[in-house]
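Enquirer: quick one, fold the following:
(chains A and B)
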Amino acid sequence: MLPVKAYRDPAPSRLKYRLERLWLRPAIRNSVRIGLPLALVAWCIAAAATDPIVRAAVAERAQAARDAIAAHPALRVDRIELNPVSEELTAALAPVLDIPMPISSMDLDLDALHDRIAALEAVAATTVRIESGGTLRVHVQERTPTVLWRHADGTLELLDTGGHRVGAAIGRADWPELPLIAGQGANQATAEALSLLRLAEPLDDLVRGLVRVGERRWNLELTNDVTVMLPAVGAKAALARALALHEADNLFARDISHVDMRDGRRPILRLRPPAVETLQTLRNPEGERDA
Amino acid sequence: MSHVFEAQRAMRARREAALRRGVVAVLDIGTSKIACLVLRFAPDGEDGAQRPTRHGLTHGAFRVIGAATTRSRGVRGGEITAMDETERAIRTAVQAAQKMAGVRVDHVIASFGGGGPRSYGLSGEVRVENGEVSELDVGHALAACEVPDYGHGREAIHALPVNFTLDNRTGLRDPRGQIGARLAADMHLLTVDAATVHNLLHCFRRCDLELAGLTIAPYAAGISALVEDEQELGAACIDLGGGTTGISIFAKRHMIYADSVPMGGHHLTSDICQGLHIPMPAAERIKTLNGGVLATGADDRDLIEIPSAFEGSERDRQQISRSELIGVMRPRMEEILEEVRDRLDASGFEYLQGQRVVLTGGSAQVPGLEELAARILGRQVRVGKPLRVQGLPQAATGPSFAAAVGLALHASAPQDECWDFEMPSDRVGARRVRRAIRWFRENW
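Expert: From the prediction side, this is the model:
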């Protein structure tokens, strides 16, 4: 029998032998030699990233660095140059362009500024850019009001050629040179309205305005309560024809209430009641009325 | 036999798995040393090695990538006597070899010297089923061999079909595909002590290793130490180990007889130790450096200094002549060789064509052994070194590594054994059916 108390043995212990064999497994070896360091580094990074103190410090550093860069004189913007626009628009732009100067171009959000300017009603298009020498150049293309649109409740709105709202008008008297349109959906056919009105220019003061009927066609209202009803299609030709009639026969000065041009074959006139009577008397000079 | 059949088959399956994985260790458990070689099999024919064929790998298709030797402990006469010690020794050897190879080995093919191998020549005869001999017929013929009652505590370790006879033609190596009516098979059955094998199995299990093959050392030594002609014509390989001397006789490339003599180099050492009154390590040292078995006139004048039996006293130095040492060693060597001669005579070795005897193993390095053996055995004798295999370190090419190298060769080109053939169903199947029926009867 061997001594029960073991002596020092050159042979590897069972544990060492097993570990050695485990170590010779490629999967184990690679995971320990490559996987473990990677995992350790990943854990360190994750621990640092989730630590609020470290995060705050990093954020502070980043902010400080950013500020240092932003403070560079080449990035400074110290004046705004605006192209000449109307007073109303200048007033509307004032709160938008109220930027504390000087400011670093890194702190200036040009896109947001552009959007805010473009959101103004009276602005058709705008470009905002920073030019060398610290200039913030704002170029605004203004919408010019070309027509007044009267709503059913009597409020007035200014529209440009494309039918876009430019602003509200307080009274008709403020814009005496602008033609007037009315009716629902009138703003969607502003261009047609303007061309019709241009055609009706010879009538001069006689024109009162255009009324959109059923979002489909136009009525030309004259100051002497004559209504020229124009068709939905071929309105210009119909108006030209009516104007020609007026020129030849002084049509609109007659005792009529409506000139219906909707039927392309012939104009139809609607007489006022006294005129009807007069016409009847003219047709029946003897009192056929009695009959 | 069926139990052995299944166990061996499982072992064979593990070996196939190991060969597919490409790495297997061979472990020669001797009385004086444990040698471990780690083999890498080249699956894709790199550096000129052959591709594995259907019948396994051929010679040279492997490379030794790790080798380690350690002093054997807890082994006496080729058998485990102290499990713990042997386990440690195996661990040492395997770990060192693994370290050198840089890969982990799970499968081990082992050989051992002891166990008292006993050979049986069996023969069986069957009618060929379809005129042409098929693998099934071979299996039937092998199964028809009358297995002797080899005792309860014994285990069949090899069952090699060595010869086939088809009708009147004998000496067939492979009868498959030939036409005939009666097929007879000769089988060489080798049994060893079951306890030895079970101890060994348990030892490997404790080392976390799977046993993928088990042979006896003389067989493995014969594979590596005998050249092809000797294996073909008939030769005996005598593996002079530390605790045992193994004998294996080869003919027609098959081992036809194996035996072992429970004496070896350790007995020489203990004789020197006793005869000259010196400690064991000193005796071992003197044996290796100055040993011999044939005395000449010069040996009388050749003085060897031997240490005193009483350690530390420098004054009384002793000197003996070399012939005295030879005088101690020679009778023991003669005894071993005489024992071997008796075993060879008993085996019927004299009827073989070739009568060459090849000495190998660690003790075969004793100078003058060739002449002594030739005189005692009365045959041509040479000292055989193991076959050269790729990648084997120079230190492991000596005769003492014959068994380890032979195991490597055996692993790469295993011989067909009885259990590689299909057993006829009436041998295995019937028992299974009967067992199933009994189970039903007991449970329902």
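Enquirer: pull up the residues of the stretch 151-300 of chain B that are close to chain A.
Expert: B:207, B:208 (CB under 8 Å from any CB of the partner chain). Where C-beta positions appear, they are placed from N, C-alpha and C, glycine not excepted.
Enquirer: next up, the contacts around the residue in the stretch 101-250 of chain B positioned nearest to chain A.
Expert: With CB to the nearest CB as the measure, residue B:104 is the residue of the stretch 101-250 of chain B nearest to chain A, at 3.6 Å. For residue B:104, the contacting residues are A:21, A:24, A:25, B:23, B:98, by CB atoms under 8 Å, 6 or more residues apart in numbering or on different chains.
Enquirer: let's see it at 7 Å
Expert: Contact analysis of residue B:104 by CB atoms under 7 Å, 6 or more residues apart in numbering or on different chains lists A:21, A:24, A:25, B:98.
Enquirer: buried subset of those, written for ChimeraX?
Expert: Here is the ChimeraX command that selects only those of the contacts of residue B:104 that count as buried (16 or more other CB atoms under 10 Å in any protein chain shown):
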select /A:21,24 /B:98
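Enquirer: could you pull out the helices for chain B?
Expert: With helices called from DSSP state H, chain B shows them at B:2-21, B:83-101, B:135-143, B:194-206, B:217-225, B:228-233, B:265-276, B:280-290, B:298-301, B:322-347, B:369-377, B:402-412, B:425-443.
Enquirer: could I have the CA atoms of the longest helix seen in chain A written out in PDB?
Expert: Longest helix of chain A, by residue count under DSSP H: helix A:52-70. Extracted C-alpha coordinates of helix A:52-70, given in PDB (Å, rounded to 0.1, in the frame of the first residue of the first chain):
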ATOM      1  CA  PRO A  52     -24.200  60.400 -14.800                       C
ATOM      2  CA  ILE A  53     -21.100  62.200 -13.500                       C
ATOM      3  CA  VAL A  54     -19.000  61.100 -16.500                       C
ATOM      4  CA  ARG A  55     -21.900  62.000 -18.900                       C
ATOM      5  CA  ALA A  56     -22.200  65.400 -17.400                       C
ATOM      6  CA  ALA A  57     -18.500  66.000 -17.600                       C
ATOM      7  CA  VAL A  58     -18.400  64.900 -21.200                       C
ATOM      8  CA  ALA A  59     -21.300  67.100 -22.100                       C
ATOM      9  CA  GLU A  60     -19.700  70.000 -20.400                       C
ATOM     10  CA  ARG A  61     -16.500  69.500 -22.200                       C
ATOM     11  CA  ALA A  62     -18.200  69.100 -25.500                       C
ATOM     12  CA  GLN A  63     -20.200  72.300 -24.900                       C
ATOM     13  CA  ALA A  64     -17.100  74.200 -23.900                       C
ATOM     14  CA  ALA A  65     -15.300  73.000 -27.000                       C
ATOM     15  CA  ARG A  66     -18.200  74.000 -29.200                       C
ATOM     16  CA  ASP A  67     -18.400  77.400 -27.600                       C
ATOM     17  CA  ALA A  68     -14.700  77.900 -28.100                       C
ATOM     18  CA  ILE A  69     -15.100  77.200 -31.800                       C
ATOM     19  CA  ALA A  70     -18.200  79.300 -32.100                       C
END
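Enquirer: in that helix, what's buried?
Expert: By neighbour count with 16+ other CB under 10 Å, helix A:52-70 contains no buried residues.
Enquirer: chain center to that helix, what's the gap?
Expert: With CA atoms, centre = their mean, to the nearest Å as the basis, helix A:52-70 stands 38 Å off its chain's centre.
Enquirer: same question for stretch A:210-229.
Expert: 30 Å.
Enquirer: end to end, how far does it reach?
Expert: With CA to CA, to the nearest Å applied, stretch A:210-229 spans 10 Å between its terminal residues.
Enquirer: mind listing what's buried in it?
Expert: Neighbour counts over stretch A:210-229 (16+ other CB under 10 Å) mark A:210-213, A:217-222, A:226-229 as buried.
Enquirer: same deal with stretch B:353-361?
Expert: Applying a neighbour-count criterion of 16+ other CB under 10 Å, the buried positions in stretch B:353-361 are B:354, B:355, B:356, B:357, B:358, B:359, B:360, B:361.
Enquirer: look up how far residue A:108 lies from the most centrally placed residue in chain A.
Expert: Centre of chain A computed as the mean C-alpha position; nearest residue by CA atoms, centre = their mean is residue A:119, 5.9 Å away. Distance of residue A:119 to residue A:108, computed by CB to CB, to the nearest Å: 18 Å.
Enquirer: now residue B:139
Expert: Taken as CB to CB, the span from residue B:139 to residue A:108 is 94 Å.
Enquirer: again, but for residue B:39
Expert: 76 Å.
Enquirer: which one of those two has more residues nearby?
Expert: The residue with more neighbours, out of residue B:39 and residue A:108, is residue B:39; 29 against 17, by other CB atoms under 10 Å in any protein chain shown.
Enquirer: residues near the residue in the stretch 51-200 of chain A that chain B sits nearest to, how many?
Expert: Nearest residue of the stretch 51-200 of chain A to chain B, counting by CB to the nearest CB: residue A:51, 41.8 Å away. If you count neighbours by other CB under 10 Å, residue A:51 ends up with 12.
Enquirer: which ones are touching it?
Expert: By CB under 7 Å, 6+ apart, residue A:51 has no neighbours at all.
Enquirer: now residue B:190
Expert: So residue B:190 contacts B:117, B:119, B:157, B:158, B:258 (CB under 7 Å, 6+ apart).
Enquirer: next step: those restricted to strands.
Expert: Among the contacts of residue B:190, DSSP state E puts B:119, B:157, B:158, B:258 in strands.
Enquirer: as JSON lines, those residues with distance to residue B:344 would be great.
Expert: Below are those laid out as JSON lines (distance: CB to CB, whole Å):
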{"residue": "B:119", "distance to residue B:344": "12"}
{"residue": "B:157", "distance to residue B:344": "21"}
{"residue": "B:158", "distance to residue B:344": "19"}
{"residue": "B:258", "distance to residue B:344": "12"}
